[in-house]
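In: Show me how the following folds:
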Amino acid sequence: MIELLKKGNTSSGIAALGNTVLAILKFFAAAFSGSGTMFASAMHSLADAINQGFVYFGSSLAEMKPSKRFPSGFGRLVNIFCMIAVIVVSIMAYETIFKRVEAASVS
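Out: So this is what the prediction gives:
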């Protein structure tokens with residue numbers, strides 16, 4: 001499994017780690033400041049991290065050798081991971097918009 005992960009798209013892996021660190025820092029800043037804008041930025045960074053993580057794992061798994069069950073290989077597996085990433089980002093966008101509307105109705 002480790003050998004398979006080494007074959008993944010390195011830039012996506014690094015971007016996922018970097019965006020994760022940024023998201024954590026932004027969530028702390030949003031919690032301390034109460035800023036809705038900082039919260040939205042943290043959600044954006046988290047969505048980017050998840051997206052890049054899916055691309056990284058998808059690209060790693062796409063490098064698997066063809067098997068008897070999948071003689072054409074796993075090259076298109078990255079498309080499934082990208083589709084999942086789009087769904088996750090869409091849910092996070094909904095949550096961010098919902099939180100903003102909820103905050104606007106309170107004030």
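In: Flag every buried residue along stretch 52-70.
Out: Of all the residues in stretch 52-70, those buried under the rule 16 or more other C-beta atoms under 10 Å are 52-63. Every C-beta, even on glycine, is put in place using the N, C-alpha and C of the backbone.
In: I meant stretch 93-107, not that one.
Out: Buried residues in stretch 93-107 (16+ other C-beta under 10 Å): Thr96.
In: picking that back up, among the buried residues of stretch 52-70, which are in helices?
Out: 52-61 (DSSP state H).
In: Confirm for me that Val78 is in contact with Tyr56.
Out: No. The criterion here is C-beta atoms under 8 Å, and Val78 misses it with Tyr56 at 9.8 Å.
In: what's the single longest helix in this structure?
Out: helix 77-106.
In: pLDDT (mean, whole number) over that helix?
Out: Helix 77-106 shows a mean pLDDT of 81.
In: on contacts alone, who are the packing partners of the helix or strand where Asn19 lies?
Out: Assigned by DSSP states H and E, Asn19 belongs to helix 10-33. Under the contact criterion of 3 or more C-beta pairs under 8 Å, 6 or more residues apart in numbering; DSSP states H and E, helix 10-33 touches helix 36-61.
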